[in-house]
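J.: generate a structure from the sequence data that follows.
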Amino acid sequence: MAFGSTTGMNESRKLYVKSFGCQMNVYDSRRMADTLAPEGFVETAEAGDADLVILNTCHIREKAAEKVYSELGRLRRMKEAAAAQGRRMLVAVAGCVAQAEGQEIIRRAPSVDLVFGPQNYHRLPELVARAERGGQAVDTEFALEDKFDHLAPPSRAAIRARGASAFVTVQEGCDKFCTFCVVPYTRGAEVSRPVEKVVAEVTHLATAGVREITLIGQNVNAYHGEGSDGRIWSLRRLLDRIAQIDGVERLRYTTSHPRDMDNDLITAHRDLPQLMPQLHLPVQSGADRILRAMNRRHSRADYLDIVRRLRDARPDLALTSDFIVGFPGETERDFADTLALVEEVGFSGAFSFKYSPRPGTPGAEMDDQISEQEKSERLQRLQWTIDRNQAAFNHSCRGRTFDVLFEKPGRHEGQLVGRSPYLQPVQVQAPASLIGEIAAVTITEVASNSLFGVLAHQPRAASRAMQVPASEPGLLRAGA
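T.: Below you'll find the model as predicted:
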């Protein structure tokens, strides 16, 4: 049976990629699509129509991994339906679950054709060809070559279709070895891309109309890439360089680890107008005893000192974070310390999770595991506190005027949806020519999930407006 159709290998084939988990996976999924585009693959929004389906997976939480196997059961039925129509569908599992479980995925889900880790997706054309010849392909070895050297740049059309915001990976892997986390085992040691390769990618994106760049990494502020001057550059120096690229009007970076939040990076929030006043800085717990058990290598006081220095540098800075409740040995007093930290910092949003033991991590072997009932009860209390703080922050935006990057049409005629400097969705009656542009908006109303506003003045000429819907970057989690 011919792969995809009976019309031959040069015909276009349909690709469906579904991402789970962090923004690194979103970036990786887009690069997978870029890598397969020269092979004739065109993305489709429907898995059932695809000739190749890729699940790009996350292994941070137990439920995330189980969701993948549930999804594979659904895809098996789609694959059988395609075969009944005389069409072959390949199914691939990529990302961190693939890296962690490898051949086990094939055993549990024999309908899977390809399994490859996050360091190997540059080999996709070769792996697809191998599977097309009738064999199952598993590649979870850590590649010796730099995968970024082998990736085709996205086309201008692909960039425009994805919108005015883009992720750019600058750092991968983790050397921190938090006792709850599998990332060092699935993504490997910390490595940083060379400065000029990052600059070239950002320049390519900006030339095609991207206005907002988010630099991403498991520990992005541990960036230590080599510059053209032969020296090792910090994230601060990289931000300074990218801010000079024509067309880049907004900069963000995520996810940061408190241990790598040095003074040079903190002062970047004061010195770089392109750097948005929003930072995701995971703390995980407000109790020193639990932070030590987690091997976070920072204390509650350390974290609060970083917050103070950040707000001294940029008084309008909003902070978001990650929290884990029910880590082994967590007492009610420890949990109360976490609630108190949330109140003291006043986060504008946060992600909270019940502790999930991951095989192979030290946390999974610890005594004093907390019951699911207790974890659920604490999670509910924590989330209530976080939601209250987030609502207070959103309401503080009423009456403020700030720049909004417009991304796509809204649900109602004449409405556009954009993002505030704090990543909040903002809905405005505005001309479609502003898609892909930045305009000042005065916030008039606050709803539970978005802000509403009016244009503060007549829009400027939309010289590079994007007339297509853009993906929403959101506050995606990286696990630091």
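J.: so what touches the longest helix along the chain?
T.: Assignment by DSSP state H gives helix 372-396 as the longest helix of the chain. For helix 372-396, the surrounding residues in contact (CB atoms under 8 Å, 6 or more residues apart in numbering) are 318, 323, 325-326, 330, 335, 338-339, 342-343, 346-350, 352-355, 422, 424, 446, 448, 451. Heads up, the C-betas are built off the backbone N, CA and C, glycines and all.
J.: next one: stretch 351-366
T.: Against stretch 351-366 from outside (CB under 8 Å, 6+ apart): 59-63, 100, 179-182, 185, 293-295, 320-330, 369-370, 372, 375-376, 379, 382-383, 386, 475, 477.
J.: about what we covered before: only whichever of the contacts of helix 372-396 are buried, select them in PyMOL.
T.: Buried members of those, defined by 16 or more other CB atoms under 10 Å, are picked up in PyMOL with:
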select buried, resi 318+323+325+326+330+335+338+339+342+347+348+349+350+352+353+354+355+422+424+446+451
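J.: go through the contacts of helix 372-396 and flag which are in helices.
T.: Counting by DSSP H, the contacts of helix 372-396 contribute 335, 338-339, 342-343 to helices.
J.: now, which of those residues sits nearest Phe41?
T.: Val342 (44.7 Å; CB to CB).
J.: can you pull the contacts of that closest one?
T.: 286, 323, 350, 382, 385-386, 389.
J.: would you mind giving those as JSON lines with pLDDT added?
T.: Formatted as JSON lines, the contacts of Val342 follow (pLDDT from 0 to 100):
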{"residue": "Gly286", "pLDDT": "98"}
{"residue": "Phe323", "pLDDT": "98"}
{"residue": "Ala350", "pLDDT": "96"}
{"residue": "Leu382", "pLDDT": "98"}
{"residue": "Thr385", "pLDDT": "97"}
{"residue": "Ile386", "pLDDT": "97"}
{"residue": "Asn389", "pLDDT": "97"}
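J.: can you tell me which of those lies closest to Leu239?
T.: Nearest member of these to Leu239, counting by CB to CB, is Ala350, at 24.0 Å.
J.: isn't the closest one right up against Ile324?
T.: No. Using CB atoms under 8 Å, Ala350 is not in contact with Ile324, being 11.2 Å away.
J.: hang on, Met261 packs against His280?
T.: No. Contact criterion CB under 8 Å: Met261 and His280 do not qualify, at 11.8 Å.
J.: quick one: which of those two has more around it?
T.: His280 (26 against 22; other CB atoms under 10 Å).
J.: need the helices for this protein, in chain order.
T.: Going by DSSP H, the chain shows helices at 23-36, 62-84, 95-101, 103-108, 124-132, 156-162, 183-186, 195-207, 235-242, 263-271, 288-293, 300-313, 332-345, 372-396.
J.: what packs against the first one?
T.: Where contact means 3 or more CB pairs under 8 Å, 6 or more residues apart in numbering; DSSP states H and E, helix 23-36 is packed against strand 13-19, strand 52-57, helix 124-132, helix 156-162, strand 165-169, strand 212-216.
J.: partner strands of the first one, parallel or antiparallel?
T.: If you go by DSSP bridges, strand 13-19 pairs up with strand 41-43 (parallel), strand 52-57 (parallel).
J.: buried deepest among these, which one?
T.: Comparing the strands paired with strand 13-19 by mean neighbour count (mean count of other CB atoms under 10 Å), strand 52-57 ranks first with a mean of 27.
J.: tell me how many other residues surround His412.
T.: Quick note: His412 (other CB under 10 Å) scores 8 neighbours.
J.: next one: Ala222
T.: If you count neighbours by other CB under 10 Å, Ala222 ends up with 21.
J.: in stretch 406-425, what's buried?
T.: Buried, per 16+ other CB under 10 Å, within stretch 406-425: 406-410, 416-425.
J.: try stretch 206-222
T.: 206, 208-222.
J.: before we move on, what about stretch 301-320?
T.: Neighbour count says stretch 301-320 has 302-303, 306-307, 310-311, 313-314, 317-320 buried, by 16+ other CB under 10 Å.
J.: pretty sure Leu434 sits against Val404.
T.: No. In this structure, Leu434 is not within contact of Val404 by CB under 8 Å, at 9.0 Å.
J.: more neighbours, those two?
T.: The neighbour comparison of Leu434 against Val404 (other CB under 10 Å) goes to Val404, with 29 against 22.
J.: poorly predicted segments of the stretch 1-150 of the chain, please.
T.: Scanning the stretch 1-150 of the chain for pLDDT under 70 picks out 1-11, 60-64, 142-147, 150.
J.: circling back: tilt between the longest helix of the chain and helix 332-345?
T.: 10 degrees (axes from the mean of the first three to the mean of the last three CA atoms, to 10 degrees).
J.: where along the stretch 351-480 of the chain do the strands fall?
T.: For the stretch 351-480 of the chain, applying DSSP state E, counting those that start in this stretch gives strands covering 401-409, 415-419, 425-429, 438-446, 451-455.
J.: which of the residues in the last one are buried?
T.: What it means is strand 451-455. Here strand 451-455 shows 451-453, 455 as buried, counting by 16+ other CB under 10 Å.
J.: can you give me how far that strand is from the chain middle?
T.: Taking CA atoms, centre = their mean, to the nearest Å, one finds the center of strand 451-455 at 27 Å from the center of the full chain.
J.: which elements pack onto that strand?
T.: strand 425-429, strand 438-446.
J.: can you do 10 Å?
T.: On a contact count with 3 or more CB pairs under 10 Å, 6 or more residues apart in numbering; DSSP states H and E, strand 451-455 meets strand 401-409, strand 415-419, strand 425-429, strand 438-446.
J.: now do the fourth one
T.: With contacts taken as 3+ CB pairs under 10 Å, 6+ apart, strand 438-446 sits against helix 372-396, strand 401-409, strand 415-419, strand 425-429, strand 451-455.
J.: picking up where we left off before, closest one to Val170 out of the contacts of Val342, please.
T.: Ala350 (24.1 Å).
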